[in-house]
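J.: task: produce atomic coordinates for the following.
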Amino acid sequence: MDPKYRIIAGLIGTLAVLALVAHIALRSSRSGLVSALWWSGGYFTILTAGLTAASFLLIAWTGRRLPYGWMGMLTMSMIMVALVYHVMLAHLFSPQGVRGWTNQAFHTFLPAAILWFWLMEVTRNGPRVTARPLTWIIWPMGYGVYVLVRGAFTGWYPYPFLNVARLGWDGVLPNLAGILAAFVALAYLMDYLGQRMPLRDQRAAR
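T.: Below is the predicted model of the structure:
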């Protein structure tokens with residue numbers, strides 16, 4: 001892998017780590033470390049940011065590209081983090097200071113950086129592979145099951161549109177179906193673009 005891509009991956013991974021550390025530190029100052037970790041572990045945003053940090057630091061450390069499907073899943077998930085937040089949640093609160101920075105890091109800076117990295121990667125690598133975009137949905141579907149089971153035992157749901165206690169299943173299931181449909185559509189759109197974008201050496205040869 002080109003050293004500059006390792007550096008970029010390292011910067012993205014470091015940004016994810018800094019946002020996670022800042023987030024946990026802020027939460028720990030109010031409720032203690034164990035409570036902060038447990039509470040944060042309920043959020044798709046935080047869990048996906050953790051996967052992002054591990055994945056991009058691994059790229060930076062080893063210089064090896066991660067599988068096309070894994071990078072597609074990760075990029076798709078972070079794009080959805082940004083879309084859901086800015087469309088459905090951003091109007092609910094407006095954090096300031098360090099909390100505002102971490103909020104933007106999770107929901108704006110990281111998704112944009114990962115999408116940029118993914119676009120660079122899919123224009124560099126060949127041959128293209130036969131992908132299964134539906135497998136990219138395993139991570140968000142697994143999270144959906146996890147958070148609903150967790151909420152059933154604790155009575156706490158991290159996102160208002162998943163709050164079964166307040167909305168009931170009649171309110172939550174359509175929300176889940178809509179979000180799942182968005183994940184599927186985004187996965188297939190990304191795979192369509194990723195499989196068809198011309199490689200850089202092909203463009204240079206024209």
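J.: may I see the buried residues of the lengthiest helix in the chain?
T.: What stands out as the longest helix in the chain, according to DSSP state H, is helix 164-196. Using 16 or more other Cβ atoms under 10 Å as the test for burial, helix 164-196 gives 164, 167, 172, 175, 179, 182-184, 186-187, 190-191, 194. In short, each C-beta sits where N, CA and C put it, glycine included.
J.: can you redo those residues as JSON lines with pLDDT?
T.: JSON lines is the format used below for the buried residues of helix 164-196 (pLDDT from 0 to 100):
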{"residue": "V164", "pLDDT": "93"}
{"residue": "L167", "pLDDT": "92"}
{"residue": "V172", "pLDDT": "93"}
{"residue": "N175", "pLDDT": "92"}
{"residue": "I179", "pLDDT": "91"}
{"residue": "A182", "pLDDT": "93"}
{"residue": "F183", "pLDDT": "95"}
{"residue": "V184", "pLDDT": "95"}
{"residue": "L186", "pLDDT": "95"}
{"residue": "A187", "pLDDT": "93"}
{"residue": "M190", "pLDDT": "90"}
{"residue": "D191", "pLDDT": "88"}
{"residue": "G194", "pLDDT": "82"}
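J.: and which of the residues you listed is nearest to Y68?
T.: Nearest to Y68 among those is G194, at 7.2 Å by Cβ to Cβ.
J.: residues near the nearest residue to the closest one once chain neighbours are set aside, how many?
T.: Of all residues not flanking G194 in the chain, V122 sits nearest, at 4.3 Å (Cβ to Cβ, 6 or more residues apart in numbering). Other residues lying near V122 total 22 when counted by other Cβ atoms under 10 Å.
J.: what sits against V122?
T.: Listed by Cβ atoms under 8 Å, 6 or more residues apart in numbering, the contact partners of V122 are Y68, L193, G194, M197.
J.: ok, now with 10 Å
T.: Shown in contact with V122 (Cβ atoms under 10 Å, 6 or more residues apart in numbering): 68, 71-72, 75, 128, 190-191, 193-197, 199.
J.: ok, so of those, who is nearest W116?
T.: Minimum distance to W116 across the contacts of V122 is 9.7 Å, recorded for T75 (Cβ to Cβ).
J.: so where is this structure shaky, pLDDT-wise?
T.: 1, 124-131, 199-206 (pLDDT under 70).
J.: for the longest helix of the chain, name the packing helices and strands.
T.: Secondary-structure packing of helix 164-196 (3 or more Cβ pairs under 10 Å, 6 or more residues apart in numbering; DSSP states H and E): helix 68-84, helix 110-122, helix 138-154.
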